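1. here you go, sequence then predicted model.
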Amino acid sequence: MARAKTALSLKTLLIFGFLIRLIFLPLAYHDDVTSNYWWGRYALDFSLRGYYDWLDFTGYAPPDQPPFYILYYRCLRSLYLLIYRLFWWLNITIPVFPSKFMQWYFLWGNQFIQKIPTIFVDMFIIFALIRLYPQILKRKNLLLCLIFFPPFIYNSSLWGGNEMILNLFYFSSFYFLLRSSLVVSVIFLTLGLLFKSSLLIFLPLYLIALIKVKPKPSRLFLAILFFLLITYLLSSPFAVKPTFIWLADLFQTKILPGSMPHLTANAFNLWTLLFGLSPRQDNLLIFNFLTARAFSFIFWLVLVCPLLFNLYSRFSLRRLLLSMATVTLLSFFFLTRMHERYTFPAFIPLFILSIKQCFYYKYLLILTVTHLLNVYNFWWVPQISFLITLLQFGPVINLISLFNLFILSRLYLLQLNSKSV
């Protein structure tokens, strides 16, 4: 009876969590939604071949995301049109159909079509974590935090971001790898790589985990074939020269550099502490001979290498999760061109670690606050006068950046301490 009651209360919480996301859905959306709309519309209206190379996007930002990302929003555009045609048929066939709905759908239907899949992925990840770690049900504070986690709701329901979709691909790839389902793992990994490049930072961790699971050569060979096949199928429609050569050039010239060659793209990190948030290109010289971008990569690599060695020599699931959170924060804090939302991939590992060891919970809470303040900055949704005034005061931004450095330092030291993981 108690077990049924627990299941019922969980079901109620999940439904309520979903409804909360639906309530917030129509209240706002970020300019990213507009960019994704036009990228998807142009991909449907024009030929894919040459999409990245010579298609003129007029006043809209040119695409700086990989092929699968563009195909995904092309599908959403097709879905929008399909639903539009259905509603239009109903509108002209059934006299009582509310015609004003067509006006609403024309203006706002696109953001609903973009946000709904992310909300479903959001809820799926929460449900999957509860199924994988049923001990969450015994800790109501952690359960409520997970279902009503503000960064998840803010990103999917208000911002209209797709971070949860990307995280689903990458964490699924690690999950199936550790369960010795290498082919399935590589499929998810490939989809993640071709969806967004921001989690390439996890690739060294994936390779270490791959070495540790010791796959059979035949399975490894099959996985490589799937990687090449999926990459070819998703990229070849866009390619204007041999697919893999074209894709390598695309990543090198458009995807990895991004569209904002600045020290920081509104990220509260080292570069904000040193130079503030004013746009400043990252080709400025450090020590009079090294660009800030090159310096950030070198320094990041120097800090990441001990973590990789530590993970390889003392491999465990907890150490892998801690490595994912730490590498995320290392990248966010020290690399240039970081956006405000790039601490997002650290949340799922920290949630799982908080289930296993309670002291990680405080780092999760601090990062939640700094993340929310960071994504709120410059967007100002919802309008909260006190917070806007507070975040326009430079020392406050520096203090938040120092909190990010504190969390990073603590996790980094915990990772290197063999007794703490």
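-> Cool, the structure landed. From a predicted model like this one, the values you see are computed outputs, not experimental measurements. Residues are numbered from 1 along each chain as shown.

2. T272 - how many residues pack around it?
-> A count of neighbours around T272, defined by other CB atoms under 10 Å, yields 23. The C-beta positions use only the backbone N, C-alpha and C, and glycine is treated the same way.

3. which SSE is immediately downstream of the helix or strand harbouring it?
-> Element membership for T272, per DSSP states H and E: helix 270-275. Read in the C-terminal direction, the helix or strand following helix 270-275 is strand 285-286, with elements assigned using DSSP H and E.

4. quick one, strands of the stretch 301-421 of the chain?
-> Listed in chain order, the strands found in the stretch 301-421 of the chain under DSSP state E, counting those that start in this stretch are 338-339.

5. where does the prediction get shaky in it?
-> Under the criterion of pLDDT under 70, the regions of the stretch 301-421 of the chain flagged as low confidence span 418-421.

6. do the stretch 1-150 of the chain as well
-> Using pLDDT under 70, the flagged stretches of the stretch 1-150 of the chain are 1-8.

7. neighbouring contacts of the helix holding T272?
-> Outside helix 270-275, the residues that touch it by CB atoms under 8 Å, 6 or more residues apart in numbering are 263-264, 282, 292, 296, 333-334, 336, 338, 397-398, 401-402, 405.

8. biggest separation within those residues, which pair?
-> D282 and L402 (21.4 Å; CB to CB).

9. show me which of those two is the more surrounded one.
-> Between D282 and L402, counting by other CB under 10 Å, D282 is the more crowded of the two (21 against 12).

10. okay, domains of this protein per the record?
-> Following automatic domain parsing, the chain resolves into domains at 1-161, 163-257, 260-421.

11. coming back round to it: the contacts of helix 270-275 into CSV, with extra columns for distance to Q114?
-> CSV is the format used below for those (distance: CB to CB, whole Å):
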residue, distance to Q114
L263, 30
T264, 27
D282, 30
A292, 34
S296, 32
F333, 30
F334, 32
T336, 29
M338, 24
I397, 30
N398, 35
S401, 31
L402, 35
L405, 34
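
12. for the most far-flung residue of the chain relative to its centre, phi and psi?
-> Distance from the centre of the chain peaks at P95, with 44.4 Å (CA atoms, centre = their mean). Backbone dihedrals for P95, given as degrees, to the nearest 10, come out at phi -60, psi -30.

13. kindly report the same for L290.
-> Note on L290: its backbone torsions stand at phi -130, psi 130 [degrees, to the nearest 10].

14. skipping adjacent residues, who's closest to N155 in space?
-> Closest residue in space to N155, ignoring its immediate chain neighbours: G161 at 4.3 Å, by CB to CB, 6 or more residues apart in numbering.

15. over to A267?
-> Using CB to CB, 6+ apart, the closest residue to A267 is M338 (3.9 Å).

16. so what pairs up with the one you found in the strands?
-> Note on M338: beta-bridge partners by DSSP bridges are T264.

17. tell me which element F221 falls in.
-> In this structure, F221 is located in helix 217-235 according to DSSP H and E.

18. that helix - what's its average pLDDT?
-> Model confidence over helix 217-235 averages 97 on the pLDDT scale.

19. quick check: mean pLDDT across whichever helix or strand comes after that helix?
-> Helices and strands here follow DSSP H and E; after helix 217-235, the next one along the chain is helix 243-250. Confidence over helix 243-250, taken as the mean pLDDT, stands at 97.

20. hmm, who's touching helix 243-250?
-> Counting contacts by CB under 8 Å, 6+ apart, the residues outside helix 243-250 that touch it are 52, 66-67, 231-232, 235-236, 238-240.

21. now with 6 Å?
-> Residues outside helix 243-250 that contact it (CB atoms under 6 Å, 6 or more residues apart in numbering): 52, 232, 235-236, 239.

22. swap in stretch 67-81?
-> The set of residues that contact stretch 67-81 without belonging to it, under CB under 6 Å, 6+ apart, is 36, 39-41, 43-44, 109-110, 113-114, 194-195, 234-235, 238.

23. output it as PDB - backbone C-alpha positions only.
-> Once non-C-alpha atoms are left out, stretch 67-81 reads as follows in PDB (Å, rounded to 0.1, in the frame of the first residue of the first chain):
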ATOM      1  CA  PRO A  67      24.200  19.300 -40.000                       C
ATOM      2  CA  PHE A  68      22.000  17.200 -37.700                       C
ATOM      3  CA  TYR A  69      21.100  20.400 -35.800                       C
ATOM      4  CA  ILE A  70      19.900  22.000 -39.100                       C
ATOM      5  CA  LEU A  71      18.000  18.900 -40.100                       C
ATOM      6  CA  TYR A  72      16.300  18.700 -36.700                       C
ATOM      7  CA  TYR A  73      14.900  22.300 -37.100                       C
ATOM      8  CA  ARG A  74      14.100  21.500 -40.700                       C
ATOM      9  CA  CYS A  75      11.900  18.700 -39.400                       C
ATOM     10  CA  LEU A  76      10.300  21.000 -36.900                       C
ATOM     11  CA  ARG A  77       9.500  23.500 -39.700                       C
ATOM     12  CA  SER A  78       7.900  20.700 -41.700                       C
ATOM     13  CA  LEU A  79       5.800  19.700 -38.600                       C
ATOM     14  CA  TYR A  80       4.700  23.300 -38.100                       C
ATOM     15  CA  LEU A  81       3.500  23.400 -41.700                       C
END
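
24. mind listing what's buried in it?
-> Using 16 or more other CB atoms under 10 Å as the test for burial, stretch 67-81 gives 67-74, 76-77, 79-80.

25. on that earlier part again, tell me the one among the contacts of helix 243-250 nearest to L222.
-> Out of the contacts of helix 243-250, the one with the shortest distance to L222 is Y232. That distance is 15.6 Å, counting by CB to CB.

26. just to revisit the earlier point, and the gap between the residue nearest to N155 and L277?
-> In this structure, G161 and L277 are separated by 20 Å, where distance is defined by CB to CB, to the nearest Å.

27. the two: which has the busier surroundings?
-> More crowded of G161 and L277, by other CB under 10 Å: G161, with 23 against 20.

28. can you tell me the SS state at that one?
-> Three-state secondary structure (criterion: DSSP: H, G, I helix; E, B strand; the rest coil) places G161 in coil.

29. cool, the one 4 residues further on as well?
-> Reduced to three states with three-state DSSP, the structure at I165 is helix.

30. wait, it sits on D122?
-> No: the pair I165 / D122 is not scored as a contact, 9.2 Å apart, by CB atoms under 6 Å.

31. nearest spatial neighbour of I147, skipping sequence neighbours?
-> By the measure of CB to CB, 6+ apart, the closest residue to I147 outside its immediate chain neighbours is G17, 4.2 Å from it.

32. the one you found contacts L146, correct?
-> No: taking CB under 6 Å as the contact criterion, G17 and L146 are not neighbours in contact, 8.9 Å apart.
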